[in-house]
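**Q** okay, sequence plus prediction incoming.
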Amino acid sequence: MNSLTDLRYLEEVASGDAAFVREMAETFFRQIPDFVQNMQRFLAKREYSLLAKEAHTAKSSVLLFGLTPLADRLKELQLLAEKSEQVERYPEIIGEFETTCRLATDEIKVKLGLTQPL
């Protein structure tokens, strides 16, 4: 099974501080539902500039955990939403963000010993 996440950058930034890595992971876990809810709300209200900003913020968070392909998709959403272009693609990208983050959360928890693998 391929790994979705790559914690090397986070571990490098943490300089071996496992508590810091765990704290960053827990912060990420708490942020995900807010990101999803905000993106869906901004999409529903057609507030595309706010959607672009939320995608940008989420992109920074996923990069910390090595989710580079997802970060690329969020960058795509950000750029499209800034121009209100290809609006029909937004739900797909938001859904991909939600699904990938759910899988990544499980993977990170296992990697950090926060839960046992299924």
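**A** Thanks, I have the structure now.
**Q** please count neighbours and contacts with C-alpha atoms only from this point.
**A** Will do.
**Q** find the centremost residue of the chain, please.
**A** For the chain, the residue sitting closest to the mean C-alpha position, by CA atoms, centre = their mean, is residue 62 at 4.0 Å.
**Q** what pLDDT is listed against it?
**A** Predicted confidence (pLDDT) for residue 62: 97.
**Q** where does it land in three-state SS?
**A** Under DSSP: H, G, I helix; E, B strand; the rest coil, the three-state class of residue 62 is helix.
**Q** I figured it hits residue 69, correct?
**A** No: with contact taken as CA atoms under 8 Å, residue 62 and residue 69 are classed as non-touching, separated by 9.5 Å.
**Q** residue contacts, residue 40?
**A** Counting by CA atoms under 8 Å, 6 or more residues apart in numbering, residue 40 makes contact with 91, 94.
**Q** which helix or strand contains it?
**A** helix 18-44 (DSSP states H and E).
**Q** quick one: that helix to chain centroid distance?
**A** 7 Å (CA atoms, centre = their mean, to the nearest Å).
**Q** average pLDDT across it?
**A** 96.
**Q** likewise stretch 88-106?
**A** Stretch 88-106 comes out at a mean pLDDT of 97.
**Q** residues touching it, excluding its own?
**A** The contact list for stretch 88-106 (CA under 8 Å, 6+ apart) reads 4, 5, 29, 32, 36, 39, 40, 43, 70, 73, 74, 77.
**Q** what would these look like in a markdown table with distance to residue 22?
**A** Output for the contacts of stretch 88-106, formatted as a markdown table (distance: CA to CA, whole Å):
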| residue | distance to residue 22 |
| --- | --- |
| 4 | 18 |
| 5 | 14 |
| 29 | 10 |
| 32 | 16 |
| 36 | 22 |
| 39 | 26 |
| 40 | 28 |
| 43 | 32 |
| 70 | 21 |
| 73 | 26 |
| 74 | 24 |
| 77 | 29 |
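**Q** who wins for neighbours among those residues?
**A** residue 77 (28 neighbours; other CA atoms under 10 Å).
**Q** all the helices of this structure, in order from the start?
**A** Under the criterion DSSP state H, helices of the chain are mapped to 8-14, 18-44, 48-64, 68-82, 90-111.
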